[in-house]
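In: make a model of this:
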Amino acid sequence: MAPTWQGGCFLRSGVARNVKKAMQRKLMKAMLLIKITFVTVIFLLLVMMGLYNRSTVDFNLPPLLNSEVQQPAALMYFGFFAVGLVTGAILSMGGHKEKSKPGKPS
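Out: Prediction:
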């Protein structure tokens, strides 16, 4: 196998491919750790809001609700968080196309 510049500085293409896959795996692990940390912090803030905001809040939305809704502030925060979480999940679904793997020769 001839050396190639595309895979790295004089690395064989198989070695370069393995190095690239290993780097991608490390990057994906780091991204997963960052995402888990972020979601944990958001959940912690949500719990703290629930503990310290017990008073009722008036919520008005004239196009959808005829009367005002009075609920504890923590419940409102939780509802808005849930709507945002579901919206983000729906927006991030799809769009990822899997590469079709060629069939193995028997």
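
In: for this protein, give me the ranges with low pLDDT.
Out: Within the chain, the ranges that satisfy pLDDT under 70 run 1-14, 96-106.

In: that one: helices as residue ranges?
Out: With DSSP state H as the criterion, the chain has helices at 13-52, 73-92.

In: mind putting those in TSV, distance to residue 63 included?
Out: For glycine as for every other residue, the C-beta is placed from the backbone atoms N, C-alpha and C. Putting those into TSV (distance: least, Cβ to Cβ, whole Å) gives the following:
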stretch	distance to residue 63
helix 13-52	26
helix 73-92	16
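
In: including mean neighbour count and distance to residue 64, could those helices go into CSV?
Out: Supplementary listing: the helices of the chain in CSV, determined by neighbours: other Cβ atoms under 10 Å; distance: least, Cβ to Cβ, whole Å:
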stretch, mean neighbour count, distance to residue 64
helix 13-52, 11, 24
helix 73-92, 12, 13
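
In: how about the ones you listed, which one is nearest residue 62?
Out: The minimum distance between residue 62 and the helices of the chain falls on helix 73-92, with 17.1 Å, by Cβ to Cβ.

In: how far off centre is that closest one?
Out: 14 Å (Cα atoms, centre = their mean, to the nearest Å).

In: closest one to residue 67 among the helices of the chain?
Out: Proximity to residue 67 (Cβ to Cβ) singles out helix 73-92 among the helices of the chain, at 15.8 Å.
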